[in-house]
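# A predicted structure for the sequence below; I have some questions about it.
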Amino acid sequence: MKEILLCKCGEIVLKGANRRFFEETLCKNIRYRARPFGRFEVTANQSTVVIAPLDGEADMDGLFEAVLRVFGIVGVSRCAVCEKDMDAIARTVREYVPPFLSGKKTFKVEAKRSDKTFPLNSPAIAAEIGGVVLEANPRLRVDVRNPDVVLHVEIREMGAYIHAGQFRGAGGMPVGTNGRALLLLSGGIDSPVAGYMIAKRGVQLEAVHFESFPYTSERAKEKVLELARIVAQYAGSFPVHVVSLTHIQEELVKNCQEDYFTLVLRRYMMAIADRLAHSLGCGGLITGESLGQVASQTMQALGVTDPVATLPVFRPCIGLDKEEIIQVARRIGTFETSIQPYEDCCTVFTPKHPRTRPELSRVLEQQNRLDFEALVQEALDGMQTVRVKNEP
Ligand code: ATP
Ligand code: MG
């Protein structure tokens, strides 16, 4: 018996003239994600995408898990496929549906006939297949109002599809349909969630991570790359550009007032990220701040670091509580990695009493004690790039 995945597209259905571009991007993303699980044919048709294995070798369980993480799909059904013939459909139902009926008391059959040349109409198909299920499972009852399980029979152009309902997909829009942005990725809880949320809107990610070796360790960097790999299971593969802030931080310690360290350092981070984003063709920056969460995330603190960026800064976590951000982190699988206790460049040389209501003029005065431009350029010159893959 042949099994396929039937994926229901989300918002892309609404996109009028762009619909083809959205569908093609979605199919391309699915083909790429499906590669580790075998050889498949991926076709878009009537607001659904069908993923069919080309041989008997395919890992359908692995494929299913991966496809649930592809943005642009709102629901996924695992279906048995057979010829458009009532005997073949009855045979397939007897063979395919028992696992979905175990422990259930009531059911109903819903039929849909998009191929109008099929001789029976939808109610007739549902009635006949309902009879087949009852005959094979005499303890079951039909309940059309509130059944424990709904069996679907869909007569489509390519064949008859039988399934027992839909699993929720990742939603959002296909990655690659909404531009490219640079994620400032730390080892914390918030920035991986921020990257996930913006990628969900169809944005292709690039990431920059700031380290402060030897004050931060190789293990701390590994942790960040691991977080990037988990985000890539949704966002697709993306490069992580690693930039060292060591020299900048050493200069800050020597020349600037302690309570301004963090703010001036954040201006460096924004400047470096902004310049890097332009060179990579990104249209925006992504960060993980939540308003008021820490001293550097008050409105005033954001007000003195934000103006450094010439590109829009997307902060999807800005209105979320920590608990809400953690919920997303747990759901996407980054939480356990994020809470591993490794140091971050922002936590080495942290001032004891950071400024929570800084004034821009004072911050600039501190910043200008150093050669800002030269230090930004030096940091970019020493950048290294690691490409993370979305392998399961
Ligand atoms: P996170 O949980 O994302 O680390 P946080 O609550 O620790 O956030 P901050 O340390 O103030 O907050 O950082 C705010 C944002 O700045 C982060 O969400 C991230 O986007 C960026 N950022 C912080 N540290 C780094 C770093 N080492 N490399 C890249 N970006 C960073
Ligand atoms: Mg952090």
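Yep, it's here. Ligands and ions are numbered 1, 2, ... in the order given.
# ok, now which ones touch whatever residue of the stretch 251-392 of the chain ends up closest to ligand 2?
Taking CB to the ion, ligand 2 has its nearest neighbour within the stretch 251-392 of the chain at Asp344, 5.1 Å off. In short, each C-beta sits where N, CA and C put it, glycine included. Residues in contact with Asp344, defined by CB atoms under 8 Å, 6 or more residues apart in numbering, are 186-188, 216, 220.
# same check, this time on Glu258
By CB under 8 Å, 6+ apart, Glu258 lies in contact with 351-352.
# Let me know the secondary structure of Arg145.
For Arg145, the assignment made with DSSP: H, G, I helix; E, B strand; the rest coil gives coil.
# So, low pLDDT: which residues of this protein?
The model of the chain has pLDDT under 70 over residues 11-15, 391-392.
# Within range of ligand 1, give me the residues from it.
184-186, 188-191, 208-210, 287-289, 293-294, 296-297, 344-346 (CB under 6 Å from any ligand atom).
# Of those residues, keep whichever come out buried.
The neighbour-count test (16 or more other CB atoms under 10 Å) marks 184-186, 188-191, 208-210, 287-289, 293, 296-297, 344-346 as buried among the residues of the chain next to ligand 1.
# Filter those residues down to the ones in helices?
Of these, the ones assigned to helices by DSSP state H are 190-191.
# Which single residue in the stretch 101-250 of the chain comes nearest to ligand 2?
Counting by CB to the ion, the stretch 101-250 of the chain gets nearest ligand 2 through Gly188, at 3.3 Å.
# Hmm, Ala66 is touching Arg35, no?
No. Applying CB atoms under 8 Å, one finds Ala66 not in contact with Arg35, separated by 9.5 Å.
# Those two - which one has more neighbours?
Between Ala66 and Arg35, counting by other CB atoms under 10 Å, Ala66 is the more crowded of the two (19 against 13).
# Secondary structure element for the more buried one, which one?
According to DSSP states H and E, Ala66 maps onto helix 60-67.
# Please write out the alpha-carbon positions of that helix in PDB.
Extracted in PDB, the C-alpha atoms of helix 60-67 (Å, rounded to 0.1, in the frame of the first residue of the first chain):
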ATOM      1  CA  MET A  60       7.800   8.200   5.900                       C
ATOM      2  CA  ASP A  61       8.000   8.700   9.700                       C
ATOM      3  CA  GLY A  62      11.100  10.900   9.400                       C
ATOM      4  CA  LEU A  63       9.600  12.800   6.500                       C
ATOM      5  CA  PHE A  64       6.400  13.500   8.400                       C
ATOM      6  CA  GLU A  65       8.300  14.900  11.400                       C
ATOM      7  CA  ALA A  66      10.400  17.100   9.100                       C
ATOM      8  CA  VAL A  67       7.400  18.400   7.100                       C
END
